[in-house]
Structure formats: C-alpha cells, structure tokens
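In: Fold the stuff below for me.
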Amino acid sequence: MLKAALLFILAGIAEIGGGYLIWQWLREGKTWYVGLCGGVILAVYGIIATFQVFSSFGRVYAAYGGVFIVLSIAWGWWIDKKTPDLYDFIGGLICLVGIAVILFPRSG
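Out: You can find the predicted model right below:
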C-alpha cells in the first residue's frame with residue numbers, strides 16, 4: 001500500500017504541477033517554455049499511473065481522483081496561499097474515506 005500511496009502522490013504532484021505551469025503560461029503571461037515544461041510534466045503524470053499494482057484502470061483512477069482533490073487543496077494552501085475553509089477540510093476528509101473504500105481489499 002505504501003508504493004501505491006507514493007505513486008498516487010507523485011502522480012498528483014505531476015498533474016497539478018504541470019497544469020499549474022500551463023496555467024501560468026496561458027493565464028499569467030509566462031513564457032512559452034513554462035507551458036512546454038507543464039506539458040512534459042503532464043505526460044509524465046500519465047506514465048506514473050501505469051506503475052500502480054491494481055489491475056483495474058477505472059479503480060486506480062477513481063481512487064486517484066480523491067488523492068487529486070486532497071492534493072489540490074494542499075497545493076492551493078501551500079503554493080497559492082489560499083487557506084482552506086472548513087468545507088474544504090470536510091470535503092478532503094470525505095475523499096480520503098472514499099479512497100479507502102475503493103481500495104479496500106476484497107475478493108473478485
């Protein structure tokens with residue numbers, strides 16, 4: 001499970017970071033190579049997910065969706081300096097519970 005968690009976190013940082021760089025390029029007027037770096041990082045994000053041990057693409061991406069939400073809240077807090085409110089924290093907690101339910105070991 002530790003490997004899966006690390007891969008989810010790496011994928012999240014790559015997706016959010018790549019998207020952030022493209023945002024900076026297109027919305028904040030940064031130079032084109034900032035956008036190019038963002039695109040490359042987004043491609044790396046797609047590759048990272050393939051290293052997950054779970055056999056179902058849908059299950060991996062469903063669980064990753066919850067990780068992405070939690071990491072996005074953290075990114076906004078740390079990078080954009082937007083402090084999450086109570087509803088952000090509650091929503092993030094709900095996502096963590098959802099991840100646990102999706103990845104809970106079961107037969108079949």
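In: got the end-to-end distance for stretch 78-90?
Out: Its first and final residues considered, stretch 78-90 spans 18 Å by C-alpha to C-alpha, to the nearest Å.
In: quick one: buried residues of it?
Out: D88 (16 or more other C-beta atoms under 10 Å). To be clear about C-beta, it is placed using only N, CA and C from the backbone, and glycine gets the same treatment.
In: buried ones in whichever helix or strand A74 is part of?
Out: Per DSSP states H and E, A74 falls inside helix 57-78. Residues 60, 63-64, 66-75 are the ones in helix 57-78 that count as buried (16+ other C-beta under 10 Å).
In: dump the residue contacts of W75.
Out: I16, Y20 (C-beta atoms under 8 Å, 6 or more residues apart in numbering).
In: ok, K82 touching A74?
Out: No: in this structure, K82 is not within contact of A74 by C-beta atoms under 8 Å, at 10.8 Å.
In: just the strands in this protein please.
Out: Counting by DSSP state E, the chain has no strands at all.
In: just the helices in it please.
Out: For the chain, applying DSSP state H gives helices covering 2-28, 32-48, 57-78, 86-103.
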